[in-house]
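Q: Sequence and predicted model, in that order:
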Amino acid sequence: MTATILATGFYNAPYSYLFDPSDLSFLSLWDYGPTHRAYSVAFTPDSSKLFIGIDDPPFLYCWNTSDWTRQTVSAGDTLYDAKKIRISPDSKYIGYVSTSRLLFIIDVDTLVITHLSNVSSVTSLCWSPDSKTLYARAHSESSLFLCDADNSWAHTTSPITGNTNRWLDFAYVDIDGGYFAVALKGAPYFQIRDTATLTEQILPTVLHTEECADQAEISVSSNNKYVAVPAYASPGLLVYDTSSFPWQKLPDPPDAGYTRVDGTCFDGSDLLAIHRRNDDAVTIYNIPSMTINQSLATGNVTYTLSFNGQGDVEESSVKPNPLFFGQDF
């Protein structure tokens, strides 16, 4: 039996968990054993594998979703934080930023690790839609690294002009030639840049006046029509419709007013999952109506979330676990 699954990374035990998003019931993995914080979770876009990063020891666990067997990967350093795993759209490579802000490339099939030694001080990264370029933002430089997958990851740099505040996270929006949606440390908090020239595209200030969370994780819907940006204060979540320019903000969700959102992720259709920090709830919204589909208080900080991609996940080898959160199976 196959299923859509939502994976989460928790700050405390059980550290990472799988949900059935239709009712937010809990699923656990066979032979699951991390005992430290799960700072990252990410399905490959083809759903064949799930990667879970923990803080100590510095491992990535690679789960094969066909039978939920597990392999261990180590890049020799702890993950920087929740959002610093980025898997290429073709499911071939992982971009991985360590606590030392070093950049690694991991081959998804072989799990061979390549350290890009000439790229340092990285704080955020994303892939081009064709998977040929990994973009990396350096904290100490006003430039963007462009790493070429077809040229042994050789890189060029592109200067960033105008506001050069630290990029907390950014994502590629594949419309009109391409835009970067960028969460900033400090005002204006959120900006859009043309991917070819890195020119700033000005948004009406009324649309985004709240500081983005330090763990901000921007996500883009599969059709590139919606962009979700987490904030540090009410309303906590801002979702933009990219159909026309300037982008338009969707209505605030009905339960707006919570103090902070960290992770966000879209499924392959019209659902958006987030984590609300003030009540440690995982909530799924219908897009674009922003109505609540499902919500569950987990009692645990959820740094990051990931839906499986376009493929299917084998659910029959994932066993239900009734012990956590009083779930009744």
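A: Okay, I see it.
Q: average pLDDT for stretch 241-252?
A: Per-region confidence: stretch 241-252 scores 87 on mean pLDDT.
Q: Identify each buried residue in that stretch, please.
A: For stretch 241-252, the buried set under the neighbour-count rule, 16 or more other Cβ atoms under 10 Å, comprises 242, 247, 249, 250. Any C-beta I mention is one placed from the backbone N, CA and C, and that applies to glycine too.
Q: need these in JSON lines with distance to residue 65 and secondary structure, can you?
A: Formatted as JSON lines, those follow (distance: Cβ to Cβ, whole Å; DSSP: H, G, I helix; E, B strand; the rest coil):
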{"residue": "242", "distance to residue 65": "30", "secondary structure": "coil"}
{"residue": "247", "distance to residue 65": "34", "secondary structure": "coil"}
{"residue": "249", "distance to residue 65": "35", "secondary structure": "strand"}
{"residue": "250", "distance to residue 65": "32", "secondary structure": "coil"}
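Q: In CSV: the residues you listed, plus distance to residue 169.
A: Listed next are those as CSV, based on distance: Cβ to Cβ, whole Å:
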residue, distance to residue 169
242, 17
247, 17
249, 18
250, 20
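Q: so residue 88 makes contact with residue 130?
A: No - when contacts are counted by Cβ atoms under 8 Å, residue 88 is not listed as touching residue 130 (9.2 Å).
Q: between those two, who's got more neighbours?
A: Under the neighbour definition other Cβ atoms under 10 Å, residue 88 and residue 130 were set side by side, and residue 88 has more, 23 against 11.
Q: any idea how far the more buried one is from residue 128?
A: As for residue 88, its distance to residue 128 is 9 Å (criterion: Cβ to Cβ, to the nearest Å).
Q: Could you confirm residue 96 falls within a strand?
A: Yes - Residue 96: assigned to a strand according to DSSP: H, G, I helix; E, B strand; the rest coil.
Q: which residues pair with it across the strands?
A: residue 85, residue 104 (DSSP bridges).
Q: any idea how far it is from residue 295?
A: From residue 96 to residue 295 the distance is 31 Å (Cβ to Cβ).
Q: So which of the two has more stuff around it?
A: Taking other Cβ under 10 Å, residue 96 and residue 295 do not tie; residue 96 has more neighbours (28 against 15).
Q: quick one: low-confidence ranges for the stretch 101-250 of the chain?
A: For the stretch 101-250 of the chain, the stretches flagged by pLDDT under 70 are 140-141, 202-209, 213-215.
Q: Overlap in contacts, residue 88 and residue 128.
A: Both residue 88 and residue 128 are in contact with residue 134, where contact means Cβ atoms under 8 Å, 6 or more residues apart in numbering.
Q: Show me the strands in the stretch 201-329 of the chain, by range?
A: 219-220, 226-230, 237-241, 248-249, 261-266, 271-276, 281-286, 291-297, 302-307, 313-314 (DSSP state E, counting those that start in this stretch).
Q: Any chance of the backbone angles for residue 150?
A: phi -90, psi 0 (degrees, to the nearest 10).
Q: Skipping adjacent residues, who's closest to it in space?
A: residue 132 (5.9 Å; Cβ to Cβ, 6 or more residues apart in numbering).
Q: In this structure the one you found contacts residue 149, no?
A: Yes - in terms of Cβ under 8 Å, residue 132 counts as a neighbour of residue 149; the distance is 5.0 Å.
Q: and residue 130, what does it touch?
A: Counted by Cβ under 8 Å, 6+ apart, residue 130 has contacts 89, 90.
Q: Which helix or which strand is home to it?
A: For residue 130, there is no host helix or strand (DSSP states H and E).
Q: Please apply the same query to the one 4 residues further on.
A: Per DSSP H and E, residue 134 falls inside strand 133-138.
Q: and the next element down the chain from that strand?
A: Next element after strand 133-138 (DSSP H and E): strand 143-148.
Q: Run the angle between that next one and strand 133-138 for me.
A: 150 degrees (axes from the mean of the first three to the mean of the last three Cα atoms, to 10 degrees).
Q: The helix or strand just after strand 143-148: which residues count as buried?
A: As assigned by DSSP H and E, the chain's next helix or strand after strand 143-148 is strand 155-159. Neighbour counts using 16+ other Cβ under 10 Å place residue 155 of strand 155-159 among the buried residues.
Q: again, but for stretch 63-74
A: 63, 65, 68, 70, 73.
Q: Likewise for stretch 223-233?
A: Quick answer for stretch 223-233 (16+ other Cβ under 10 Å): 224, 225, 226, 227, 228, 229, 230, 231, 232.
Q: if we can go back for a sec, for the strand holding residue 134, C-alpha coordinates in CSV please.
A: Extracted in CSV, the C-alpha atoms of strand 133-138 (Å, rounded to 0.1, in the frame of the first residue of the first chain):
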residue,chain,number,x,y,z
THR,A,133,23.2,24.9,-10.4
LEU,A,134,23.5,24.9,-6.6
TYR,A,135,23.2,28.5,-5.3
ALA,A,136,24.9,29.3,-2.0
ARG,A,137,24.7,32.5,0.0
ALA,A,138,27.9,33.4,2.0
